[in-house]
Every structure is written in C-alpha cells, then in structure tokens.
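Asks: here is my input, please return the structure:
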Amino acid sequence: MKHEISLGRRFLGLSIDWLMCYAIALGFFGGSASFAERAPQARIPHLIIFFIEVLVLTAFGGATAGHRIVGLRVIQFNGGGNPTPVQALVRTVLLCLVVTAITYDENGRGIHERLSGTRLLDTRKGRK
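Replies: The predicted structure follows:
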C-alpha cells in the first residue's frame with residue numbers, strides 16, 4: 001500500500017499543533033516579562049500540552065487539530081478504524097521523540113506509525 005501523503009502536509013499539520021500548544025504554554029506558563037524571557041519558561045509545559053493534545057485528539061477523534069486543518073486522519077493500518085487508545089499512546093510517545101517521526105519507510109510511514117500500527121489517511125475527496 002503506497003502512501004501518497006506529502007511530507008509537506010504532514011509537517012504543516014504537525015507545525016500547526018506545535019505552534020498552537022506553544023501559544024497556550026506561553027499564555028499560561030510564560031509569565032508577564034518580554035517574549036525572550038517568557039519563552040524558556042514555557043518549554044516543558046509546551047511539550048506536556050502537545051503530548052496531551054496529540055494523545056487525546058488522536059485516541060478519541062482520530063485526528064489532531066493540525067491534521068483536521070490539512071485534511072488528514074489517523075487510522076489503524078490493518079482494518080482502517082479509529083486508533084485504539086494504546087495505539088494513540090504509542091504513536092504519541094514516539095512522535096514526541098522526533099527522530100521516529102522524520103524516519104520513513106518505502107510506503108511513507110514513519111517509525112511512529114509502523115510501531116503503533118497506524119497510518120495517515122487523506123480525508124480530501126477522492127484520495128487515500
């Protein structure tokens with residue numbers, strides 16, 4: 001099963017999620033100083049918020065906010081249903097390790113997708 005989803009769309013969806021979580025972390029944990037002083041205080045909360053967002057939205061909705069915006073959805077590799085909470089957890093942990101998300105096989109699946117038994121589906125009309 002050959003994957004036709006571009007790395008650009010994957011990266012755009014991930015970037016949207018990353019920036020959205022960063023804005024939340026800055027707003028709640030950054031304090032009230034200048035941006036340069038606030039940014040370091042938001043690093044750990046940002047990663048925690050990102051982890052929770054990806055885990056919850058993938059497990060219970062099949063897509064993160066960024067995925068929905070760019071027309072992608074996470075499904076089980078075998079069967080095509082929504083990922084289980086365990087699959088979403090494995091995928092999210094590996095995604096947060098970054099290296100697994102930028103290493104792809106011949107079918108265009110990242111290590112985080114292979115080890116979690118998931119894949120991305122293009123939700124735009126007429127594409128898979």
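Asks: return the helix or strand in the protein with minimum mean pLDDT.
Replies: Least confident element among the helices and strands of the chain, by mean pLDDT, DSSP states H and E: helix 35-38 (a mean of 71).
Asks: now that one: buried residues?
Replies: Neighbour counts over helix 35-38 (16 or more other Cβ atoms under 10 Å) mark R38 as buried. All C-beta spots, glycine's among them, are computed from the backbone N, C-alpha and C.
Asks: do the same with stretch 42-53
Replies: Residues A42, P45, H46, I49, F50, F51, E53 are the ones in stretch 42-53 that count as buried (16+ other Cβ under 10 Å).
Asks: next: stretch 113-121.
Replies: Quick answer for stretch 113-121 (16+ other Cβ under 10 Å): E113, R114, S116, G117, T118, R119, L120, L121.
Asks: need the residues you listed in TSV with pLDDT and distance to A59, can you?
Replies: Formatted as TSV, the buried residues of stretch 113-121 follow (pLDDT from 0 to 100; distance: Cβ to Cβ, whole Å):
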residue	pLDDT	distance to A59
E113	83	15
R114	82	18
S116	88	11
G117	87	13
T118	90	11
R119	86	16
L120	88	15
L121	87	16
